[in-house]
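*Asks:* Any chance you could fold what I've pasted below:
(2 chains)
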Amino acid sequence: MKVTVNIVRRPDIADPQGATVARALRDLGHGAVRSVRVDRSIHLEVDGDDPDQVRAEVVRMCEELLANPVLEDFEVVVEG
Amino acid sequence: MTRIGVVTFPGSNCEHDTVHTLGLAGADAELVWHRDTDLAGLDGVVLPGGFAHGDYLRPGAIARFSPVMGEVARLADEGRPVLGICNGFQILCEAGLLPGAHIANRDLAFICRPVEVEVVDTGSVLTRAAEPGRRLRIPLNSYEGAWVDPTGEGRVVLRYTDDPNGSQDQAAAVANQEGNVVGVMPHPERASEPILGSDDGLVLLRGFVEACREVKV
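*Replies:* Residues are numbered from 1 along each chain as shown, chains lettered A, B, ... in the order given. Below you'll find the model as predicted:
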């Protein structure tokens, strides 16, 4: 099954990359940009037939390795 | 003789400098491989700078699962001195042996220059030999060098006198509550001989070696 993990930096943690991208966009004339956050997506292919089981396993992967709970939240999307 | 292990991960690049400098500070330092699972007989351990496991995913995220880390955690739990320098600091945070985590420097610049730090807490194995308030000039060499700690549990022991990277509380070095596990972002081992332009880092490493010598388990 194809699974996408979206790793999102928690709102209370600074995102220097997003701030720099926002500045660059404004410099290009996109003055309407209020803020930018840059997040990460991880795409997996995982063996299994049961979407709930696959999701549960990928959630464990996030907790173990893929996301850092100090900085990040995550969202697991099982695409089938 | 005080025996200190310096862990080599794939991608470490400061391990030889660290062994050399711990020798200057009076220790019998040796390299240990990240797959070693027995650090019996060592009085303390150092995780050196570099890019362990390529820094993939996040610095330290994969290194924390290297087989040696079980022993590093055991030494830390026993109260033995554990020091992470630069990438080693990032690994200790990822491993949960120190609070907080690291993000990119505020201005997204890779910073590679000497910085000044002030000793603000001498109750750690790194800062015990330095006088409170003393200012040290030590090279900083990092991109993801800004420490953040939403929990507020970190104990800042060295503080930047300016604010080079956006680190919370201008923290340059952080200890656990017990003071036996410390992470430092600048490199004391690169400022430990006058020929290098500064030997300010030696007081830190001497203190660490003393702590390793004195620890009784």
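*Asks:* any idea how far B:Val120 is from A:Arg37?
*Replies:* For B:Val120, the distance to A:Arg37 equals 33 Å [CB to CB, to the nearest Å]. Yep, even glycine has a C-beta here, placed from its N, CA and C like the rest.
*Asks:* Give me the more crowded residue out of the two.
*Replies:* Of the pair B:Val120 and A:Arg37, B:Val120 is the one with more neighbours under other CB atoms under 10 Å in any protein chain shown, namely 19 against 13.
*Asks:* Just give the number of residues close to the residue lying closest to A:Met1 once chain neighbours are set aside.
*Replies:* Using CB to CB, 6 or more residues apart in numbering or on different chains and skipping residues adjacent in sequence, the residue nearest A:Met1 is A:Val54, 5.1 Å away. For A:Val54, the neighbour count with other CB under 10 Å is 20.
*Asks:* show me the contacts for A:Val54.
*Replies:* Under the criterion of CB atoms under 8 Å, 6 or more residues apart in numbering or on different chains, the contact list for A:Val54 reads A:Met1, A:Val3, A:Val46, A:Gly48, A:Val78.
*Asks:* And B:Cys93, by the same measure?
*Replies:* Contacts for B:Cys93 (CB under 8 Å, 6+ apart) come out as A:Val70, B:Gly60, B:Pro99, B:Gly100, B:Ala101, B:His102, B:Trp147, B:Gly183.
*Asks:* rerun that using 7 Å as the cut-off
*Replies:* By CB atoms under 7 Å, 6 or more residues apart in numbering or on different chains, B:Cys93 lies in contact with B:Gly60, B:Gly100, B:Ala101, B:His102, B:Gly183.
*Asks:* and what of B:Glu94?
*Replies:* A:Asn68, B:Arg58, B:Gly60, B:Ala61, B:Arg64.
*Asks:* secondary structure class for the residue nearest to A:Met1?
*Replies:* Judged by DSSP: H, G, I helix; E, B strand; the rest coil, the three-state class of A:Val54 is helix.
*Asks:* separation between it and A:Lys2?
*Replies:* A:Val54 is 10 Å from A:Lys2, where distance means CB to CB.
*Asks:* likewise B:Gly84?
*Replies:* Applying CB to CB, the value for B:Gly84 to A:Lys2 is 37 Å.
*Asks:* can you count the residues close to whatever residue of chain B ends up closest to chain A?
*Replies:* At 4.0 Å from chain A, B:Ala101 is the closest residue in chain B, using CB to the nearest CB. For B:Ala101, the count of nearby residues is 24 (other CB under 10 Å).
*Asks:* Count the residues that sit near the closest residue to it other than its chain neighbours.
*Replies:* In space, and not counting its chain neighbours, B:Ala101 is closest to A:Val70: 4.0 Å by CB to CB, 6+ apart. Number of residues near A:Val70 (other CB under 10 Å) recorded here: 19.
*Asks:* cool, and B:Leu205?
*Replies:* B:Leu205: 28 neighbours (other CB under 10 Å).
*Asks:* out of the contacts of B:Cys93, who has the most neighbours?
*Replies:* Among the contacts of B:Cys93, the one with the most neighbours (other CB under 10 Å) is B:Gly183, at 32 neighbours.
*Asks:* how about that one, phi and psi?
*Replies:* When read as degrees, to the nearest 10, the backbone of B:Gly183 gives phi -120, psi 140.
*Asks:* wouldn't it be in contact with B:Gly84 here?
*Replies:* Yes - with contact defined as CB atoms under 7 Å, B:Gly183 counts as touching B:Gly84 (4.3 Å).
*Asks:* list residues touching both of those two?
*Replies:* Residues touching both B:Gly183 and B:Gly84 by CB under 7 Å, 6+ apart: B:Leu92.
*Asks:* on that earlier part again, now do the residue of chain B closest to chain A against B:Leu196, distance only.
*Replies:* Counting by CB to CB, the gap from B:Ala101 to B:Leu196 is 30 Å.
*Asks:* now swap in B:Thr18 and tell me
*Replies:* Distance of B:Thr18 to B:Leu196, computed by CB to CB: 14 Å.
*Asks:* For those two, indicate the residue with more neighbours.
*Replies:* Using other CB under 10 Å as the criterion, B:Thr18 and B:Leu196 rank with B:Thr18 on top: 29 against 14.
*Asks:* If you count neighbours, what's buried in whatever helix or strand that one lives in?
*Replies:* Using DSSP states H and E, B:Thr18 sits in helix B:15-24. For helix B:15-24, the neighbour count (16 or more other CB atoms under 10 Å in any protein chain shown) marks B:Glu15, B:Asp17, B:Thr18, B:Val19, B:Thr21, B:Leu22, B:Leu24 as buried.
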